[in-house]
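J.: sequence and predicted structure, then a few things I'm wondering about:
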Amino acid sequence: MFEVFTQGFSFLNLLSLAAFFTTVGLFFCGIPICRQIWKRKDTKEISGAPFLMGVLGGCCWMTYGYLKKDQTVLVVTACQVILYSSYTVFYWIMSRNKLWITLKVAAVLTLCTTLILSVKFFGMKVFHPLGIICMTLNIADFAAPLAGLVSFET
């Protein structure tokens, strides 16, 4: 990805760098949500699902990138995990009812730990199933913001 600065321009290096910046730029979409929470001084009616799915999806892709030895995936997902973790911490701090968000964070941390341990103990045997899990989580990442649009009418 950053070979463009040391080995010159190639189409693949340039494409990789563009993908890096656009993907990391997309991860900043949590800032407007956090600003809204800050202005309201509460998380009521705002779902934490996008933040939690961002952490889980990033952790999954990071383990996949580790197995594949893909530096671009590792750097991008490290940025994702850091940003979405900070959004999650902010959401937790601003939540009045901390029980549910704490349980959800604990569940995400348990799943991330399970992913990392599966790679440690099983190595490349989990490569293909992990890829399927990553793609499933990508779909959930796109669906997570829709969780905030759900309204319950009687």
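T.: Great, that's in hand.
J.: which intervals of this protein have sub-threshold pLDDT?
T.: For the chain, applying pLDDT under 70 flags the ranges 1-7, 144-154.
J.: that one: helices as residue ranges?
T.: 11-26, 30-40, 49-68, 71-94, 98-122, 127-143 (DSSP state H).
J.: any chance of those in a markdown table, plus mean neighbour count?
T.: Backbone N, C-alpha and C define where each C-beta goes, glycine included. Shown next, in a markdown table, are the helices of the chain (neighbours: other CB atoms under 10 Å):
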| stretch | mean neighbour count |
| --- | --- |
| helix 11-26 | 13 |
| helix 30-40 | 13 |
| helix 49-68 | 22 |
| helix 71-94 | 18 |
| helix 98-122 | 14 |
| helix 127-143 | 15 |
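J.: contacts only, for residue 81.
T.: Listed by CB atoms under 8 Å, 6 or more residues apart in numbering, the contact set of residue 81 reads 55, 58, 59, 62.
J.: for residue 99, see how far away the first one is.
T.: When CB to CB, to the nearest Å is the yardstick, residue 55 and residue 99 sit 19 Å from each other.
J.: please apply the same query to the second one.
T.: Noted for residue 58: a distance of 25 Å to residue 99, by CB to CB.
J.: just the third one next, same as before
T.: To residue 99, residue 59 is 23 Å away according to CB to CB.
J.: nearest spatial neighbour of residue 119, chain-adjacent residues omitted?
T.: Spatial nearest neighbour of residue 119, excluding adjacent residues (CB to CB, 6 or more residues apart in numbering): residue 63 at 5.0 Å.
J.: make that residue 90, sorry
T.: In this structure, residue 90 finds its nearest non-sequential neighbour in residue 34, 5.4 Å apart by CB to CB, 6+ apart.
J.: pretty sure that neighbour sits against residue 89.
T.: No - the criterion here is CB atoms under 8 Å, and residue 34 misses it with residue 89 at 10.3 Å.
J.: was I right about residue 96 contacting residue 40?
T.: No - at 11.2 Å, residue 96 does not count as touching residue 40 under the criterion of CB under 8 Å.
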